[in-house]
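> Build me a structure from this.
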Amino acid sequence: MIPILGLVIGILIGVFMEPSLPTGLQPYLPIAIVAAMDAVFGGVRAWLQGQFTDRVFVVSFISNVLIAALIVWVGDKIGVGSQLSTAVVVVLGIRIFTNAAAIRRGLFHA
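Numbers count the residues shown, from 1 in each chain. From the prediction side, this is the model:
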């Protein structure tokens, strides 16, 4: 219940405060969100399988976001930022859909 309450409070703070992101960081936000979603779906899958560990989840969450941002940053430095951004989104998207399928099978046995 506490995580859900924290999520709701965080969303409300974000909606009402309307935070802005510096222009230099804007290309990294979508990648960070997709990487975070991958960690969340992986955590839900692990929880349904009875293998969830909070430490693994936190490390996975932070490392996914940082590694994805690093890949895009390196791509920006060598001039192929949009291509690497697309690659990161595709790879993480595949992982998200794989985890979503496992979650669906775990919940609905289908």
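
> In contact with the spatially most central residue of the chain: list those residues for me.
Centrality entry for the chain: nearest residue to the mean C-alpha point is Ala36, 1.5 Å, by CA atoms, centre = their mean. Contacts here follow CB atoms under 8 Å, 6 or more residues apart in numbering; on that basis Ala36 touches 61, 64-65. Just so you know, the C-beta spots here come from the backbone N, C-alpha and C atoms, and that holds for glycine as well.

> any idea how far Asn99 lies from Gly6?
Distance of Asn99 to Gly6, computed by CB to CB, to the nearest Å: 22 Å.

> In terms of neighbours, single out the busier of these two.
Asn99 (21 against 10; other CB atoms under 10 Å).

> So which elements touch the host helix or strand of the more buried one?
Per DSSP states H and E, Asn99 falls inside helix 81-108. If you count contacts as 3 or more CB pairs under 8 Å, 6 or more residues apart in numbering; DSSP states H and E, helix 81-108 packs onto helix 29-48, helix 54-78.

> CSV for those helices, including distance to Ala87?
Listed next are these as CSV, based on distance: least, CB to CB, whole Å:
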stretch, distance to Ala87
helix 29-48, 10
helix 54-78, 8
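
> need the ones you listed in JSON lines with mean pLDDT, can you?
Supplementary listing: the helices and strands packed on helix 81-108 in JSON lines, determined by pLDDT from 0 to 100:
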{"stretch": "helix 29-48", "mean pLDDT": "92"}
{"stretch": "helix 54-78", "mean pLDDT": "91"}
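
> Point out the one among the ones you listed that comes closest to Ile2.
Closest approach to Ile2 among those (CB to CB): helix 54-78, 12.6 Å.

> now for that closest one, which elements pack on it?
Packed next to helix 54-78, using 3+ CB pairs under 8 Å, 6+ apart, are helix 29-48, helix 81-108.

> buried residues in it?
Neighbour-count burial for helix 54-78 flags 57, 60-61, 64-65, 68-69, 71-72, 75-76 (criterion: 16 or more other CB atoms under 10 Å).
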